[in-house]
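Colleague: Generate a structure from the sequence data that follows.
(one chain, ligands or ions: 1)
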Amino acid sequence: MEEQEKSEQEVKENSTQANEEFKKKEAEIQEKLQQGTGFEFTAEIQKLLDILVNSLYSHKEIFLRELISNAADALDKVRFKMLTENNLRNQELPLEIHIQVNKEQNMLILSDTGIGMSKEELIENIGTIAHSGSMSFLKQLSEQKEKKADVNLIGKFGVGFYSVFMVARQVDIVTLSAYPDKEAYLWSSQGDGKYKLAPINKETRGTEIRIHLKEEEKQFLEEERIKSVVQRYSDFISYPIQLEGKQINKLSAIWQRSASEVKEEEYKEFYSYLTHNQEAPLSTIHLSYDAPIQFNSILFIPASVPWDMTFDIPEKWHGVHLYAKKVFIQSDCEELLPMYLRFVRGVVDSDDLPLNISRETLQENQVITKIRKNLVRRVLERMEQMSAEKKDDYKKLWLSFSKFIKQGYRGDYENREKLAKLFRFYSSKEAPENLISLQEYVDRMKEGQKDIYYISGENRESIEKSPHLEIFKRKDIEVLYMVEPIDDFLLSDMTKFQDKNIVSVDREDLSLDDVKEAEEKKDATETKESPEISERSFEDFLHYVKDILKEKIVDVRFSKRLTGSPCCLVAAKDAPSVGMQKIMKMWMNEKYEMPKRILEINKEHFFIKNLIQIYNTDPRNAILPLSCEQLIDNALILEGSPLDARAMVPRIQEMMEKMADLLSKKA
Ligand code: ADP
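Modeller: Next comes the predicted model:
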C-alpha cells in the first residue's frame, strides 16, 4: 500500500518536472529551427502530402497506428542489434513507447527508445519515398475519380509516417541514433513541401515525434480517445505503450494467447499490422505446441497476391517473422517456409531457440527444420480443407497463388501427392470459369479411357482451335486445358496422378482405341463432295509427301484422330511436349532446334483427296509441294509454335499467282 502511494507521489512530481522540461525543450527546438538547413521533399512526397492533407477526411486516427508501428519497428531493430553489438547507446534503457499530451500547447508527443535515426537516415527515410510500392500508391490515388482517396491505402503502401499530416500543422522529430558515433538531429516540417534539419541535444537513444495538432484535431489530446485507438489497432504491440505514465496495451502478444480467446477482428488487425494490407486474410492458422518442440505461430493466407510481391522475383521474400522467447529475431525469415509458400504471412515464436541465433545458423538449426516441416503440413492441410469445405475461398486462393503452388511440385518431393490433389485446371467439359481437380477428372473418365489428357496453349480460345482435340470431341473425352506458362514445367515433372499417366493430346501413341465413338459427335466433313480415291493412290501419295518433306519431319502417316482438319503435327514418343519445346526455344533462342515431329494427314479431308487426284494426273504440278509445305506451317501457326515466316510469304505469293492464273483462264 505504502509502495503504491509513494509511486503515485512520484508520478506527480515527475509530471511537473516533465512539464518544465517540456517547455524548455520546445523553446530549444523552435530556436534551433531558426538556424536549421532547409530541404525540399521529392515531388512524389509533395504529391502524397497534398493528397493526405487535402483529400482524406475519415479515419484520421490511423496516424497513431502508423507512428506506433514505426516505433515498434525501431524497438525491434535495437533489440536485435543489442544481441550482437555491445557498443550501442543506453543498453540499460527499457524498450518502451510513450505517449504524452500537452493541452496547453496543443501537442501530442510519441517517443520510443528504439534504434533512432542519424542525419543521413532522416534524409533517406523521411525525406524521400524509398519504397517501390509508393509510386503505385500515388498512381492508384490519382486514378480514383472522386478526390476522396481511400485512407486504407495509406498503411498498405508504406507511407505511414506522412499520415500524421492529416492532423498536424507541424511535426518535429527529435532523434538520437543508437550508434555512438552519430549525433542527435531535429527534423521539422509543416507538411508543405519543405522540411528543415538541425543538430540538437538529446540524452538518450530513440525518436520523439512531436506533433503540433491542428486546431480542429484537439480530440487527439483526450486520453480516452487515444486509448481507444491504441487498443483498437495496436494492442498486440509487444512493447509497453505508456500514456501519461500508465500502460494502455495488454502486452500479451496475440500468438501467445490461446486461439479460443482471440477474436476474428483481432486477427484481422494483426494481419493488417503485419502486412500493411487492409483486406481480410482468406484463412488464419493459429498453432500452439509444447512438445516435442515448443512454439506458437499464427499464419495467414492472403486473399490476393500481396502488392509488394511478384512471382517472378522470388528473392523479394515476404513471409513469416521469427521470434525466440518472445524476442524479435528476424523479419520475413526464409527458413520457415519453402519458397513456393512465400505468400503465407505470419509469425513464429519458439522458446526452444537460442536468442543469439544468426542467419547462418538458422539453416542448420534442428528446431527450425522441425517447425518448418510442421508449418508446411498445416498450411497444406488447411488448403485441402478449404478445397473441400469452402470451395469459393479455395478458388480465390487458387486464382491468386496457382503459380506458387505448382512451383512447389518440383522441389517439395515429400508433399507431391498432397500438392497434386490441390491443383485445379480448366477443362474442355466445363464452362470457361470453372476449375476441376485431377481427382474429379479421374472420377468421370470414360469407359476404356486409360490416361489423363491435357493440351497446353496460350488461352482457351486458341486451344479450342487445335486439330488435336478433334478425336477427343468425337469420343467425348475430357481434356484439361493448361494455360499458364509454368504448366509445361509442372507436367514435365508430374507425369502421373495415382496410377494414371498424364498425357499431352499431341502424342503419337494415344491409346484411345478402347473408348467408343460418341455417334452424335461425328463431324460432317466426310459428307463434303470429294473424289473417290483407291487405297493404292493413298499409299503412293504418302510416299510422295514423305519425300518432299523429309527435311522437316520424321514421318508422314494417315491420321486416326482428325475429323475437320486436313493435318496436324504429333510428337514422337519420347520427345518433350510442344509446350516445353517452346519454352526451350525461347530460352536458347536460335540454338535450340525443335525436335522433328510426325505429320498426320486426314485422308477423309476433301482438300487432301483433291491433292491426291492432282498427284495422280499431274505429279509434277507445282501446287503439290507448295501445298505440302504450307500444310506444315498452318499446323505450326495453329499451335502457336515459332516458324520461318519469311519463307512462307513467297510460297503463298506463288500459290496466289497460280490460283489467279487458273481462275482468269477459266473466266
Ligand atoms: P514504413 O514504416 O512503412 O517504412 P514510414 O514512412 O512510416 O514507412 O517510415 C519511413 C522510415 O522512417 C521507416 O522505414 C524507418 O526507417 C524510419 N522511421 C520512421 N519512424 C521511426 C522511428 N520511430 N524510429 C526510427 N526510424 C523510424
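Colleague: Which residues belonging to the lengthiest helix in the chain are considered buried?
Modeller: When the chain is parsed with DSSP state H, its longest helix is helix 2-34. By neighbour count on 16 or more other Cβ atoms under 10 Å, the buried set for helix 2-34 is 22, 25-26, 29, 32-33. Placement of C-beta: from N, CA and C, glycine included.
Colleague: what residue ranges in the protein score low on pLDDT?
Modeller: Applying pLDDT under 70 to the chain flags residues 1-7, 11, 14, 55-58, 127-159, 519-530, 589-590.
Colleague: what domains does the record give for it?
Modeller: 12-247, 254-392, 423-521, 530-666 (automatic domain parsing).
Colleague: Give me the three-state assignment for Y454.
Modeller: Using DSSP: H, G, I helix; E, B strand; the rest coil, the structure places Y454 in strand.
Colleague: what's the closest non-adjacent residue to it?
Modeller: Excluding its sequence neighbours, the residue lying closest to Y454 (Cβ to Cβ, 6 or more residues apart in numbering) is L480, at 4.1 Å.
Colleague: What is the neighbour count of that neighbour?
Modeller: Applying other Cβ atoms under 10 Å, we find 25 residues neighbouring L480.
Colleague: ok, the nearest residue to A622 once chain neighbours are set aside - contacts?
Modeller: Closest residue in space to A622, ignoring its immediate chain neighbours: K658 at 6.9 Å, by Cβ to Cβ, 6+ apart. Residues counted as contacts of K658 (Cβ atoms under 8 Å, 6 or more residues apart in numbering) are 622-623, 626.
Colleague: Adding distance to the ligand, write the buried residues of helix 2-34 out as JSON lines.
Modeller: Converted to JSON lines, the buried residues of helix 2-34 look like this (distance: Cβ to the nearest ligand atom, whole Å):
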{"residue": "F22", "distance to the ligand": "19"}
{"residue": "K25", "distance to the ligand": "17"}
{"residue": "E26", "distance to the ligand": "20"}
{"residue": "I29", "distance to the ligand": "17"}
{"residue": "K32", "distance to the ligand": "20"}
{"residue": "L33", "distance to the ligand": "20"}
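Colleague: between those, which is closest to L83?
Modeller: The shortest approach to L83 among the buried residues of helix 2-34 belongs to K25, at 32.1 Å (Cβ to Cβ).
Colleague: residue contacts, that closest one?
Modeller: Counting by Cβ under 8 Å, 6+ apart, K25 touches V174.
Colleague: contacting residues around the residue of the stretch 451-600 of the chain found nearest the ligand?
Modeller: Ranked by Cβ to the nearest ligand atom, the top residue of the stretch 451-600 of the chain for proximity to the ligand is I486, at 31.4 Å. Neighbouring residues of I486 by Cβ under 8 Å, 6+ apart: 403, 406-407.
Colleague: Give me the distance between the most centrally placed residue in the chain and L510.
Modeller: Central residue of the chain (Cα atoms, centre = their mean): V305, 3.7 Å from the mean position. According to Cβ to Cβ, to the nearest Å, V305 stands 37 Å off from L510.
Colleague: For the stretch 1-150 of the chain, just list every one of the helices.
Modeller: Taking DSSP state H, counting those that start in this stretch as the test, the helices found in the stretch 1-150 of the chain are 2-34, 43-55, 62-84, 119-121, 132-143.
Colleague: Show me which residues of the host helix or strand of M580 are buried.
Modeller: If you go by DSSP states H and E, M580 is part of helix 578-588. Neighbour counts over helix 578-588 (16+ other Cβ under 10 Å) mark 578-585 as buried.
Colleague: Now distance to the ligand too, for those, in JSON lines please.
Modeller: Formatted as JSON lines, the buried residues of helix 578-588 follow (distance: Cβ to the nearest ligand atom, whole Å):
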{"residue": "V578", "distance to the ligand": "46"}
{"residue": "G579", "distance to the ligand": "41"}
{"residue": "M580", "distance to the ligand": "42"}
{"residue": "Q581", "distance to the ligand": "45"}
{"residue": "K582", "distance to the ligand": "41"}
{"residue": "I583", "distance to the ligand": "38"}
{"residue": "M584", "distance to the ligand": "42"}
{"residue": "K585", "distance to the ligand": "43"}
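Colleague: now, which of those residues sits nearest R232?
Modeller: R232 lies nearest to I583 out of the buried residues of helix 578-588, by Cβ to Cβ, at 50.1 Å.
Colleague: OK, contacts around the closest one?
Modeller: Counted by Cβ under 8 Å, 6+ apart, I583 has contacts 485, 488-489.
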